[in-house]
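Undergrad: Just the structure for this:
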Amino acid sequence: MDYDRVGRNPLFKQLSFERNCLGGGLALTMITVYFSFILIVAFSPASLGIPTHPGAALTWGVVVGASILSFGFVLTAIYVICANRRFDALTRRIQEELK
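TA: From the prediction side, this is the model:
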């Protein structure tokens, strides 16, 4: 495989750019959500200890923590969907061009 030829291919550059933008955007989104949670824990921990409704053993901290974990799975699913639809198609086009 001629890696220089692959690196000069405009479709490869487009694929690299799109993957980096999507991955960076999703990572930045997750980091923002996670550190927002950490800041709440640091500066207002009592707010996460409030029960979801009167008399409940379940607190908002558990709900928010589980939601953050679930949000990570959602972001992963978004990346997989984009990879399967867009990135795989670009990869096939690059492979065809470089044959």
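
Undergrad: Let me see the ranges of the helices in this structure.
TA: Counting by DSSP state H, the chain has helices at residues 3-8, 10-43, 45-48, 60-82, 88-97.

Undergrad: For Pro54, which of these is the nearest?
TA: Ranking the helices of the chain by their distance to Pro54 (criterion: Cβ to Cβ) puts helix 60-82 first, at 13.1 Å. In this view, the C-beta of every residue, glycine as well, is placed from N, C-alpha and C.

Undergrad: Check which residues of that closest one are buried.
TA: Gly61, Val64, Leu75, Tyr79, Cys82 (16 or more other Cβ atoms under 10 Å).

Undergrad: The last one contacts Cys21, doesn't it?
TA: No: judged on Cβ atoms under 8 Å, Cys82 makes no contact with Cys21 at a distance of 10.3 Å.

Undergrad: quick revisit: closest to Asp88 among the buried residues of helix 60-82?
TA: Using Cβ to Cβ, the buried residues of helix 60-82 come closest to Asp88 at Cys82, 9.6 Å.

Undergrad: List the contacts of that closest one.
TA: By Cβ atoms under 8 Å, 6 or more residues apart in numbering, the contact list for Cys82 reads Leu22.

Undergrad: Could you measure from the residue minimising distance to the centre of the chain over to Phe12?
TA: When Cα atoms, centre = their mean is applied to the chain, the residue found nearest the centroid is Leu26 (3.4 Å). Plainly put, Leu26 is 21 Å away from Phe12 if you go by Cβ to Cβ, to the nearest Å.

Undergrad: what does Ile31 give?
TA: Ile31 sits 28 Å away from Phe12, going by Cβ to Cβ.
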